[in-house]
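Asks: Have a look; sequence and predicted model below, questions after that.
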Amino acid sequence: MPEELTLITLIRKRPEVSTEAFRAFMEHDYGPTYTRMVQVESYVQHYVTELANDGSEDPIDAIVQITFTSREGMREALATDEYQRAHAARSRFMRATTAGIHTVRVERSVVPGGGHAAPPTASDRS
């Protein structure tokens, strides 16, 4: 059985795009492209507010975690016409690489001490 492939992408919106417009595009246009693909096991968007930044780069606006069924599944998904249209549309909302998008492959995820990570509570967000 092929090994799943999980990627995490850090995304910066274009400076002239409002946060509201960026998030609407991500949630209603760009993200659904992935969630409809049979090669995608899971797709989650996280909208973030940076708490610290040394000023060397613009703040990160979103983090996307996507798990493909396999490396071949990712290749198939990225070759579809639907993905190509979404990829072309993102230039209106996302900054160009290398300043705007960084994608990494998750090699290993660990919860130190063998415990389970708990989701943040309301008090963690304040």
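Replies: Perfect, thanks for sending it. Residues are numbered from 1 along each chain as shown.
Asks: any idea of the mean pLDDT in stretch 105-123?
Replies: For stretch 105-123, mean pLDDT rounds to 61.
Asks: go on, stretch 70-89?
Replies: Here the average pLDDT along stretch 70-89 is 92.
Asks: Number the residues from 4 up from this point.
Replies: Let's use 4 as the start, then, which means that last one is stretch 73-92.
Asks: Kindly check the end-to-end length of that stretch for me.
Replies: For stretch 73-92, the first-to-last residue distance is 25 Å (CA to CA, to the nearest Å).
Asks: For the protein, just list every one of the helices.
Replies: Secondary structure of the chain by DSSP state H: the helices cover 22-28, 34-38, 74-81, 84-92, 125-128.
Asks: Indicate which one of those is closest to Val107.
Replies: Val107 sits nearest to helix 74-81 of all these, at 13.8 Å, using CB to CB. Quick note: C-beta positions are derived from backbone N, CA and C, even for glycine.
Asks: and the residue lying closest to Asn56 once chain neighbours are set aside, what is it in contact with?
Replies: Distances taken as CB to CB, 6 or more residues apart in numbering place Pro62 nearest to Asn56, at 5.8 Å, with adjacent residues excluded. When contacts are counted by CB atoms under 8 Å, 6 or more residues apart in numbering, Pro62 touches 15, 52-53, 56.
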